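# What would the 3D arrangement of this be:
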Amino acid sequence: MGRITDTVKTLIIINVIFFIGSQILGETAYKLFSLYYFESPNFQFWQPITHMFMHGGFMHILFNMYALWAFGSPLEMRWGRNKFLFFYFSAGLGAALIHTLYNYYQFHQGFDALTALGYPPNQIWELLNETLQEGSYRNIPEIGSDLSQQFFQAYNTPAVGASGAIYGILVAFGMMFPNAELMLIFFPVPVKAKYFIPGLILMDLFFGISGSPMGIAHWAHIGGALFGFIMAWYWRKNDMNKYRWN
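Residues are numbered from 1 along each chain as shown. Sure, this is the predicted structure:
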């Protein structure tokens, strides 16, 4: 955790520009650049990329950019610019994919339950498009309040943040520097990366499976970690020559 590398610095600058711009433009920027469910009218093809540069608040971007500097810089120094960029965006896109698949599951659980009750599909779509405001939902007693909320929010609540790519970076860092000692601000006891990072991912897995409504895209974190692990494991196994990426 020393100097900041050039590519990491550029990524942080772009994130800060997006953050400032989103604070100025407000809802317009979030609607354009956040990642919406692909069957929503708010979805745009560029959102799987742009959502990585959007953040929900100052602490959100602060923690992500700190992690990008602290764990991304050693990886860039080891891999070089091109390989690091490929890894970063691949982990971020992997996070978007897993998050979208989870949303698809939640959305179609509700949709299929309503069609099984005799709701015509066009009526369901009309109902969905009346609740496009982020986080809004209708309680449909026939399917229960929990499924109603999951159904609507999978459709209308977008994902933002570099966290998926950051989780990929964390996994790769843990594989390369397993004995590096890390600690959380609220748990100031040093723990080796090989224990700390899997513990963090297991927490996300627990909250993701339990469906804890914490306003955090746990499955995006898991997706970024999964894709990061696959790439880092494959590269280590095949001992790729870094000069091929420069």
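
# For the helix or strand of the chain with the lowest mean pLDDT, list the C-alpha coordinates in CSV.
One helix or strand of the chain scores below all others by mean pLDDT, DSSP states H and E: strand 181-184, with a mean of 74. Taking C-alpha atoms only, strand 181-184 is exported to CSV below (Å, rounded to 0.1, in the frame of the first residue of the first chain):
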residue,chain,number,x,y,z
GLU,A,181,-2.4,-7.9,7.2
LEU,A,182,-5.6,-5.9,6.8
MET,A,183,-8.1,-4.5,9.2
LEU,A,184,-11.5,-2.7,9.2
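
# List the buried residues of that strand.
In terms of neighbour count (16 or more other C-beta atoms under 10 Å), strand 181-184 has its buried residues at Leu182. Heads up, the C-betas are built off the backbone N, CA and C, glycines and all.

# so what does it touch, helix or strand wise?
When contacts are defined as 3 or more C-beta pairs under 8 Å, 6 or more residues apart in numbering; DSSP states H and E, strand 181-184 packs onto strand 187-192, helix 193-210.

# and that strand, how far from the chain's centre?
Once both centres are worked out by C-alpha atoms, centre = their mean, to the nearest Å, strand 181-184 turns out to sit 22 Å from its chain's centre.

# List the neighbouring strands of that strand plus their orientation.
Paired neighbours of strand 181-184 in the sheet (DSSP bridges): strand 187-192 (antiparallel).

# The strand it pairs with: how far from the chain's middle?
How far strand 187-192 lies from its chain's middle: 25 Å, per C-alpha atoms, centre = their mean.

# about what we covered before: out of the helices and strands packed on strand 181-184, indicate the one that is most buried.
Of all these, helix 193-210 has the most neighbours on average by mean count of other C-beta atoms under 10 Å, namely a mean of 15.

# what's the helix or strand just after that helix packed up against?
Next helix or strand after helix 193-210 toward the C-terminus (DSSP states H and E): helix 218-238. On a contact count with 3+ C-beta pairs under 8 Å, 6+ apart, helix 218-238 meets helix 81-116, helix 163-176, helix 193-210.

# The last one - contacts with which helices or strands?
Right, the one you point to is helix 193-210. Taking 3+ C-beta pairs under 8 Å, 6+ apart as contact, the helices and strands that helix 193-210 lies on are helix 163-176, strand 181-184, helix 218-238.

# Confirm Asn139 sits in a helix?
No. Secondary structure of Asn139 (DSSP: H, G, I helix; E, B strand; the rest coil): coil, not part of a helix.

# Burial check on it, number of neighbours?
Using other C-beta atoms under 10 Å, Asn139 is surrounded by 11 other residues.

# what does Arg236 give?
Here the count is done by other C-beta under 10 Å, and Arg236 has 12 residues near it.

# Which residue, neighbours along the chain excluded, lies closest to it?
Excluding the flanking residues, the one nearest Arg236 by C-beta to C-beta, 6 or more residues apart in numbering is Met175, at 6.8 Å.
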